[in-house]
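The following comprises the amino acid sequence and a computationally predicted model.
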Amino acid sequence: MDSPNPQIYLTGFMGSGKSTVGPLVGARLGRRFLDLDDLIAERAGRAIPAIFEAEGEAGFRRREADALRAVSREDGRVVVATGGGTLVQEENLERARASGTVVYLHAPAAVLAERLRDTAAERPLLQSEGGRPLAGAALARRIETLLAERRPFYQHAHVTIDTAEAPPEATAEAVIDALRERRNEE
């Protein structure tokens, strides 16, 4: 899969499957997998929720932009799971599109709410102002709101893959097939 733009960036809302599908795509293509959130946490020496608590979302987004910049410059071909909001910053979106192929892993809000129900406590943007994890209708509303804000940016992806019904292995194959098809069209 030689390409002038070697990186593969998986984007999509939390729970869309980026961190699950990414390693599968990487293994099948012989590429290293990198989760951008893991890189940010490693560089900061603390977990993402601790970064949000200490620096706020703006501080986290600065760290995220720095990490994406570093990954986009790597010589090796990497499959990168971006954070759900990474490409909402125009500079990040342009950088990812210029240095690789952006793949949007799409799932409807109801599917995302079900997938995220048990992990909302670990996700700062799915917590109330008091720091409690959202649940039920409040969780669904937050997901709908964030998804509506992010959808216009996700739509700039080179490729869109629906993850609602397919298991991770089938989604990984769909990503690889779409990448090959895109390469053949270029």
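Good, I have the coordinates.

From start to finish, how long is stretch 8-23 in a straight line?
Length of stretch 8-23, first residue to last, CA to CA, to the nearest Å: 12 Å.

Is Y104 in a helix, a strand, or coil?
When classified by DSSP: H, G, I helix; E, B strand; the rest coil, Y104 comes out as strand.

quick check: longest helix of the chain.
The longest helix of the chain (DSSP state H) is helix 48-72.

can you list contacts of the helix or strand following it?
Later in the chain than helix 48-72, the nearest helix or strand by DSSP states H and E is strand 78-81. Residues outside strand 78-81 that contact it (CB atoms under 8 Å, 6 or more residues apart in numbering): 6-10, 18-19, 22-23, 25-26, 29, 31-37, 71, 100. In short, each C-beta sits where N, CA and C put it, glycine included.

Strand 78-81 pairs with which strands, parallel or anti?
Sheet pairing of strand 78-81 (DSSP bridges) gives strand 7-11 (parallel), strand 32-35 (parallel).

Of all the ones you listed, which one is nearest R95?
Nearest to R95 among these is strand 7-11; the distance by CB to CB comes to 9.4 Å.

who does whichever helix or strand comes after that closest one touch, helix- and strand-wise?
Where DSSP H and E defines the elements, the next helix or strand beyond strand 7-11 is helix 18-29. If contacts are counted by 3 or more CB pairs under 8 Å, 6 or more residues apart in numbering; DSSP states H and E, helix 18-29 sits against strand 7-11, strand 32-35, strand 78-81, helix 168-185.
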